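>>> Show me the folded form of this:
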Amino acid sequence: MTDTNKNLFNLDELSGYKVAENYTDVRGWDVKDANNRIIGKVDHLLVNKTAERVVYLDIEVDETLIEDGYNTYQNQVSKGVHEFLNKDGENHLIIPIGMAIIDEKNKLVNTKQIDSSTFAKAKRFRKGDNLDFEYELNSVRHYRGDNTVHSSNSVDGFYDREEFNNSIPHIELEQNVM
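All right, here's what the predicted structure looks like:
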């Protein structure tokens, strides 16, 4: 995938952008699932430049979640069953920003809609991998358990979904003034 076709950018890659002053930078914070289990830490903030906002949290998955033995993922949302094997070194996954709740007091990110079993069965990736739209689409489908999620090939309008709604105090971008 070339940079011109790249859909998601690590906030650190973008010169001129930072977390806005009035918003909390959650990088390094633990992430808890619906059952209050730590599933990992926020490693990066992933930005869609067209939407001009953070759309995903890039999570470095906790080893205990990986060790649970969920190596095979089945994607039953499309016809047939497709399996993959998460490989060694694939220890990151994404969470749509609207599916995360920021707990500033305890410096935690909570995902009350997603449990550790769902995270354990999610397709992971290696730190620094370019993520294509198909990976995004399959992740949202997996978390929602919904095969009707945006079935076209286009990202147009995709980030208008509730999964990306960051109207509660989440993260906004502020362009640096040089």
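>>> right, and Arg37 touches Ser117 too?
No - between Arg37 and Ser117 there is no contact under Cβ atoms under 8 Å: 9.8 Å. Placement of C-beta: from N, CA and C, glycine included.
>>> Is Asp88 in a helix, a strand, or coil?
Assigned with DSSP: H, G, I helix; E, B strand; the rest coil, Asp88 falls in the coil class.
>>> Neighbours of it, how many?
If you count neighbours by other Cβ atoms under 10 Å, Asp88 ends up with 7.
>>> can you give me the helices for this protein?
Using DSSP state H, the helices of the chain run over residues 63-66, 116-120, 133-144.
>>> OK, contacts around Ile95?
By Cβ atoms under 8 Å, 6 or more residues apart in numbering, the contact list for Ile95 reads 31, 56-57, 59, 109, 111, 114, 143.
>>> got it, and Arg144?
Glu163.
>>> Tell me how far it lies from Ile102.
To Ile102, Arg144 is 20 Å away according to Cβ to Cβ, to the nearest Å.
>>> circling back: farthest pair within the contacts of Ile95?
Farthest pair in these (Cβ to Cβ) is Val109 and Tyr143. Separation: 14.4 Å.
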